[in-house]
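1. Next one to model:
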Amino acid sequence: MDRPPVTAGEEKKKEKTLLEVLQEIDRETSKYKGIMKQPDKKFQQWDKDFGAWEKRFTKQMTDVEKYLNKYAGKMEKFFEG
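-> So this is what the prediction gives:
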């Protein structure tokens, strides 16, 4: 699951996967017995990361639903005709 190298310009725009966000949370909460530096900042970023992931996931599921509906309609026409 290695990703291609990311250039400096793309680094800021790179969207994290759900697994990456959860791993980051695990790392941060495991250090220093759960005490985090700048927790508000980290919580806000994680919230943004979850929101971005949810948006991408919703779009993917919408695309899958459109695809399935399209081909279900074609199958229905095939068997009716």
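2. Quick one: the helices in the chain, in order.
-> When secondary structure is read from DSSP state H, the chain shows helices at 8-11, 18-30, 39-80.
3. I'd like to know how many residues surround Val21.
-> 19 (other C-beta atoms under 10 Å). Any C-beta I mention is one placed from the backbone N, CA and C, and that applies to glycine too.
4. Help me confirm that it comes into contact with Lys48.
-> No - the pair Val21 and Lys48 does not pass the contact test of C-beta atoms under 8 Å, sitting 9.8 Å apart.
5. circling back: ok, and which of the helices of the chain has the densest surroundings?
-> Most buried of those, by mean neighbour count (mean count of other C-beta atoms under 10 Å): helix 18-30, with a mean of 13.
6. so that helix versus helix 39-80, what angle?
-> 160 degrees (axes from the mean of the first three to the mean of the last three C-alpha atoms, to 10 degrees).
7. Name the nearest residue to the residue most central in space within the chain, ignoring sequence neighbours.
-> Closest residue to the average C-alpha location of the chain: Trp53 at 2.9 Å, with C-alpha atoms, centre = their mean. Spatial nearest neighbour of Trp53, excluding adjacent residues (C-beta to C-beta, 6 or more residues apart in numbering): Leu18 at 5.0 Å.
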